[in-house]
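**Q** starting from these lines, generate the structure:
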Amino acid sequence: MTRQTLKIAIPMAGLGTRLRPHTWSKPKALLQLAGKTVLDHVLNQFNSLPDNFDVEYVFIVGPYQLEQVKSFMEQEYPDKKTNYPVQEVMRGQSHALWQAREYLTGPMLMVFADTLVDADFSNLNNLGNQAVAWVKEVPDPRRFGVAIVGEQGKVFKLVEKPSSMDNRMAVVGFYYFPSAEDLFSAIQEQMDRNVQLKNEYFLADAVNIMLDRGLDMRAVEVNVWLDAGTPSAMLETNQWLLDHGQDNSAEAAKRAGVAVVSPVFIHPNAEVIDSVVGPYVSIGCECRIEKVIVKNSILDEGTQVKTMILEDSLLGRDVQVQGQPSRLNLGDNAMAVE
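**A** Here you go, the predicted structure:
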């Protein structure tokens, strides 16, 4: 089978303000979920790509994210081909992709760095000149972009943040384009015509230009669409991942002095003493948990929790907490000791 190059663009330059205080010290793509980073889970989605694809990743980062993301990829994925164009000013999705135009040629995927889906990419090399927008029906589409779809899934138009509830087929932030060059031609027209919404260039408008030019795009529905963009979404996505094979509950239950309510992930190098853990708890490397009841929480590496009940909480790296029952959202190196 002929080898093909596939570029995967992952815009991640946003400031992650909805995940403060965690994103003061690291990009949201490097936050922890079920024993791995969000970015690990994003990359794992592409395991179903055809074997004849040579994949190159293009991470579109902000100026303060470049060093951390590049260091992470070099350490954890040294064999992957990567590029790191920088988006200096946040002007929307199309603007982010425009910063990467020298790295994106030929067929490409575009996926947001805080989006996880269950898409199957195994037939991607059989699409020819057909583009794909992955979609999912949602209860309230007004904060998403939606696809207007006809027979056999043909996409006629994308509408960003619709005011109506009539169309609930939301675009999940995954696209396949057979020609990056055609996409950038549309983005060029979008910027020349200054087609914006709230001072941002949305990708939906560039796609609509391509559709007007005759692009054949199909909508493919996914069953699972997970978000990692807010604290509550992080906890919900952590739950789903632990429920679907990302836990190590059986190994964790063998520990002395630990009562495990599955599913959980406890890093092998974490220390847990006289505690009840779970359900839906992820405990990172070199954490120390002593005399604690903890459920529905994520604890990043090096965090210490002692003599308390902790639930519905996000604790960053090297946090120290002790005392009264709490629901906490603490960034790296925070301390809350009573």
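**Q** for the host helix or strand of M73, name the packing helices and strands.
**A** Assigned by DSSP states H and E, M73 belongs to helix 66-76. The contact analysis (3 or more CB pairs under 8 Å, 6 or more residues apart in numbering; DSSP states H and E) places helix 66-76 against helix 38-44, strand 53-60. The C-beta positions use only the backbone N, C-alpha and C, and glycine is treated the same way.
**Q** ok now whatever helix or strand comes next after it, how far from the chain's centre?
**A** Tracing the chain past helix 66-76, the next element assigned as helix or strand by DSSP H and E is strand 81-83. With CA atoms, centre = their mean, to the nearest Å as the basis, strand 81-83 stands 18 Å off its chain's centre.
**Q** what's strand 81-83 packed up against?
**A** So strand 81-83, by 3+ CB pairs under 8 Å, 6+ apart, packs with strand 53-60.
**Q** starting at the chain centroid, how far to the strand it packs on?
**A** On CA atoms, centre = their mean, the centre of strand 53-60 falls 16 Å from that of its chain.
**Q** thought H22 was touching A334?
**A** No - applying CB atoms under 8 Å, one finds H22 not in contact with A334, separated by 10.1 Å.
**Q** overlap of the contact sets of the two?
**A** Residues touching both H22 and A334 (CB atoms under 8 Å, 6 or more residues apart in numbering) are G316.
**Q** just send the helices and strands packed on helix 66-76 back as TSV, with distance to D205 too.
**A** Formatted as TSV, the helices and strands packed on helix 66-76 follow (distance: least, CB to CB, whole Å):
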stretch	distance to D205
helix 38-44	25
strand 53-60	18
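**Q** go through the ones you listed and name the closest to L6.
**A** strand 53-60 (4.5 Å; CB to CB).
**Q** hmm, back to that, mind putting the helices and strands packed on helix 66-76 into a markdown table with distance to A270 and mean pLDDT?
**A** Formatted as a markdown table, the helices and strands packed on helix 66-76 follow (distance: least, CB to CB, whole Å; pLDDT from 0 to 100):
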| stretch | distance to A270 | mean pLDDT |
| --- | --- | --- |
| helix 38-44 | 18 | 94 |
| strand 53-60 | 29 | 96 |
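**Q** name the stretch from the ones you listed that approaches L15 most closely.
**A** strand 53-60 (13.7 Å).
**Q** what helices or strands is the closest one leaning on?
**A** Checked by 3+ CB pairs under 8 Å, 6+ apart, strand 53-60 has strand 4-11, helix 66-76, strand 81-83 packed alongside it.
**Q** go through these and name the closest to Q190.
**A** Using CB to CB, the nearest of the helices and strands packed on strand 53-60 to Q190 is strand 4-11, at 15.6 Å.
**Q** neighbouring strands - and their directions - for that closest one?
**A** strand 53-60 (parallel), strand 108-111 (parallel) (DSSP bridges).
**Q** tell me the most buried of those strands?
**A** Mean neighbour count (mean count of other CB atoms under 10 Å) peaks for strand 108-111 among these, with a mean of 24.
**Q** give me the residues contacting that one.
**A** Residues contacting strand 108-111 (CB under 8 Å, 6+ apart): 6-11, 42, 45-46, 97, 121, 124, 173-177, 180, 183, 203.
**Q** residues contacting the spatially closest residue to P139 that is not a sequence neighbour?
**A** Distances taken as CB to CB, 6 or more residues apart in numbering place R168 nearest to P139, at 7.1 Å, with adjacent residues excluded. Contact analysis of R168 by CB under 8 Å, 6+ apart lists E137, V138, P139, D140, P141, V146.
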